[in-house]
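1. Kindly return the folded structure for what I paste below:
(one chain, ligands or ions: 1)
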Amino acid sequence: MKIVYAASEAAPFIKTGGLGDVAQALPLELSQIPGVEVLLFLPYYGSMKRNPKLETEKVAEFRMPLSWRDQYVGLYRVRSRKRKLRVYLIDNESYFDREPIYGYGDDGERFAYFSKAILESLCQMNLCPDIIHCNDWQTALIPTLLHGFYEDFLGKAKTVFSIHNIEYQGWVHPYFLGDVLGLDVSYDNAFQFQGSHNFMKSAILSCDALSTVSRTYAHEICDPYFAHGLDPIIREHAFKLKGIVNGIDFASNDPKNDPFLERNYDASSFREGKAACKAALQMELGLPVREDVPLVGMVSRLVSHKGMEILCAALEEWGDWDIQIAILGTGDPQYEEKIRALAARFPTKIAAALCFSKDLASRIYGGSDLYLMPSKSEPCGLSQLIAMHYGTVPVVHETGGLKDTVIPFDPQSGEGLGFTFSKFTKDDLHHALRRALTVFACDRNAWGKAVYNGMTADFSWKNPALEYLSLYESLI
Ligand code: GLC
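-> Sure thing, here's the model as predicted:
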């Protein structure tokens, strides 16, 4: 089976968020299944061109129409020894030599170009894959462009569209259809949505299978509270919708090998290992070095859907509790400001690093006792999985992938993984954290079980990759 995986970002080449992790790990895992070959397509961004460690070779160069435009396409391939995972890069500096990689007035055109250039490249390579797997709004035009322009050569390829976050849909002015895509008015209906044109809507209509990154999120996006307007369209196409929970790459998220930790540990040595990491983290953040005080970690974008309103309200009160809180992240200036002020008010309780730091993120995962993720909505979430793999017990809002992955811990039976709350309120967050703190303080045995369960749970990509494979197989 030949699979084309199309994404606007993939680690280690380029990454701004969770999509970048998925687009790294899933194609790799799929390519390890016997009989499966994967071609990953990415834009050739300026930062990648300037990366001396990234070795590429030019495969082809051609021109491609984008409505009245006649655009250059450079097709490059990353030099690598992986035979069954080939990485192709679409080069056009006027579209992709930009930093940051998103956030421009012509983003619609940039990713329409990228999407079409992938299809055009497949024709140039004389390669018709079995599956084209598209991700989020940036590659959402692929199914429609395939039907509009490439039916002759790529008609047999089936398309899968995955929604990683329904908030970003790709909205453009209706003139885009003719002026950029070069499609006629018969396509108007596929895009028309609330007076604009919507990339995601077109993908939902025209893909062969629709997926999203957790089972609960698959239900949630049928509901207006979560769907950012698209719920009627999703409900109409729910027959082809499937939720597949993401995994994490155990190799790059492993407390046994993480070079940024004070001490490495695994499920058999976490007591000493985490204690050393905790003391080092307290020292680094200027918090009192105490083993008995519960340390609550958080690595997050500081934006509303990550639960910042209830978090900030709760922090006001936690300043009086005997706990420590370590927050790492950047985001909305209003929340950054609030958190900075709270940290100044409670210097022995709250430490905030309002920046991006992979090293410190590791040390928070390793050195914290608890990990907080009060997201209002969370399609899947990767950090709760990393936290659990580092033996840090999560406290989460029951939404999306948080609900699917954090099985509530029962101190009696010693089963489960974390502490959850169902109503998105400050008080419910309080109660969940209180329950966790009670076990932490009064039942060390049970606490050790929760840590151990998280560290040994299988959040690898093995099973999710097999689920995608059977989804692909069901289409061909
Ligand atoms: C988006 C979602 C996040 C998910 C990630 C990867 O970033 O917000 O919940 O884990 O995509 O699918």
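2. Please name the nearest non-neighbouring residue to residue 190.
-> residue 202 (4.6 Å; Cβ to Cβ, 6 or more residues apart in numbering). In short, each C-beta sits where N, CA and C put it, glycine included.
3. Name all residues that make contact with that neighbour.
-> Contacts for residue 202 (Cβ atoms under 8 Å, 6 or more residues apart in numbering) come out as 140, 141, 143, 144, 187, 190, 191.
4. switch the cut-off to 10 Å
-> Residues near residue 202 by Cβ atoms under 10 Å, 6 or more residues apart in numbering: 137, 140-145, 147, 161, 170, 177, 181, 183, 187, 189-193, 233.
5. With residue 427 instead?
-> 310, 313, 314, 421.
6. any idea where the strands of the stretch 301-450 of the chain begin and end?
-> 324-328, 350-353, 370-373, 393-397, 419-421 (DSSP state E, counting those that start in this stretch).
7. Reformat those as CSV; add mean neighbour count, mean pLDDT and distance to the ligand.
-> Formatted as CSV, these follow (neighbours: other Cβ atoms under 10 Å; pLDDT from 0 to 100; distance: least, Cβ to the nearest ligand atom, whole Å):
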stretch, mean neighbour count, mean pLDDT, distance to the ligand
strand 324-328, 25, 98, 17
strand 350-353, 22, 98, 21
strand 370-373, 26, 98, 10
strand 393-397, 27, 99, 12
strand 419-421, 23, 98, 16
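8. burial measure for residue 222, as a count.
-> A total of 18 residues lie near residue 222 under the criterion other Cβ atoms under 10 Å.
9. I'd say it and residue 243 touch.
-> No: Residue 222 lies out of contact with residue 243 (Cβ atoms under 10 Å); the separation is 11.0 Å.
10. show me where pLDDT drops low in this protein?
-> Applying pLDDT under 70 to the chain flags no residue at all.
11. Tell me the residues of it that contact the ligand?
-> 17-19, 22, 164-165, 213, 246, 378-382, 401 (Cβ under 6 Å from any ligand atom).
12. mind redoing it with 8 Å?
-> Proximity of the chain to the ligand, by Cβ under 8 Å from any ligand atom, involves residues 17-19, 21-22, 136, 162, 164-165, 213-214, 217, 246, 375, 378-382, 400-401.
13. Now, of the residues you listed, which are buried?
-> For those, a burial check counting by 16 or more other Cβ atoms under 10 Å picks out 18-19, 21-22, 136, 162, 164-165, 213-214, 217, 246, 375, 378-382, 400-401.
14. if you skip the residues just before and after it, what's nearest to the residue in the stretch 201-350 of the chain that the ligand sits nearest to?
-> Across the stretch 201-350 of the chain, no residue is closer to the ligand than residue 213, which sits at 4.0 Å (Cβ to the nearest ligand atom). Leaving aside its sequence neighbours, residue 213 sits nearest to residue 380 (Cβ to Cβ, 6+ apart; 3.8 Å).
15. tell me the contacts of that neighbour?
-> 18, 22, 164-165, 212-214, 216-217, 243-247, 400-402, 404-405, 464.
16. What values do phi and psi take at the residue in the stretch 101-250 of the chain that the ligand sits nearest to?
-> Proximity of the stretch 101-250 of the chain to the ligand (Cβ to the nearest ligand atom) peaks at residue 164, 3.4 Å away. Main-chain dihedrals, residue 164, degrees, to the nearest 10: phi -90, psi -30.
17. got it, and residue 222?
-> The phi/psi pair for residue 222 (degrees, to the nearest 10) is phi -80, psi 0.
18. quick one: contacts for it?
-> Applying Cβ under 10 Å, 6+ apart, we find residue 222 in contact with 230, 231, 232, 233, 234, 235, 236, 237, 238, 241.
19. at 6 Å instead, please
-> Residue 222 is in contact with 231, 234, 235, counting by Cβ atoms under 6 Å, 6 or more residues apart in numbering.
20. now residue 132
-> Residues in contact with residue 132 (Cβ under 6 Å, 6+ apart) are 4, 142, 157, 159.
21. Run a quick neighbour tally on the residue lying closest to residue 11 once chain neighbours are set aside.
-> Closest residue in space to residue 11, ignoring its immediate chain neighbours: residue 24 at 4.1 Å, by Cβ to Cβ, 6+ apart. Residues lying near residue 24 (other Cβ under 10 Å) number 21.
22. Residue 24 and residue 10 touch, don't they?
-> Yes: contact criterion Cβ atoms under 6 Å: residue 24 and residue 10 qualify, at 4.9 Å.
23. pretty sure residue 297 belongs to a strand, no?
-> Yes: Residue 297 sits within a strand when classified using DSSP: H, G, I helix; E, B strand; the rest coil.
24. ok, it touching residue 326?
-> Yes: shown here, residue 297 and residue 326 form a contact pair, counting by Cβ under 6 Å, at 5.0 Å.
25. between these two, what contacts are shared?
-> Residues touching both residue 297 and residue 326 (Cβ under 6 Å, 6+ apart) are residue 364.
26. element containing the residue nearest to residue 190, please.
-> If you go by DSSP states H and E, residue 202 is part of helix 199-206.
27. one step back: now the residue nearest to residue 190: how far from residue 159?
-> 11 Å (Cβ to Cβ, to the nearest Å).
28. And residue 230, by the same measure?
-> 18 Å.
29. before we move on, what about residue 416?
-> 38 Å.
30. again, but for residue 80
-> Applying Cβ to Cβ to residue 80 and residue 159 gives a distance of 26 Å.
31. Comparing these two, which residue is more hemmed in?
-> Per other Cβ under 10 Å, whichever of residue 80 and residue 159 has more neighbours is residue 159, with 23 against 11.
32. what are the phi and psi values for that one?
-> phi -110, psi 140.
33. In contact with the spatially closest residue to it that is not a sequence neighbour, which residues?
-> Nearest residue to residue 159 in three dimensions, chain neighbours excluded: residue 143, at 4.2 Å (Cβ to Cβ, 6+ apart). By Cβ under 6 Å, 6+ apart, the residues touching residue 143 are 159, 203, 206, 207.
34. Contacts only, for the nearest residue to the second one once chain neighbours are set aside.
-> Closest residue in space to residue 203, ignoring its immediate chain neighbours: residue 140 at 3.8 Å, by Cβ to Cβ, 6+ apart. Applying Cβ under 6 Å, 6+ apart to residue 140 gives the contacts 170, 199, 200, 203.
35. and with 8 Å instead?
-> Here residue 140 is in contact with 115, 134, 161, 170, 199, 200, 202, 203 (Cβ under 8 Å, 6+ apart).
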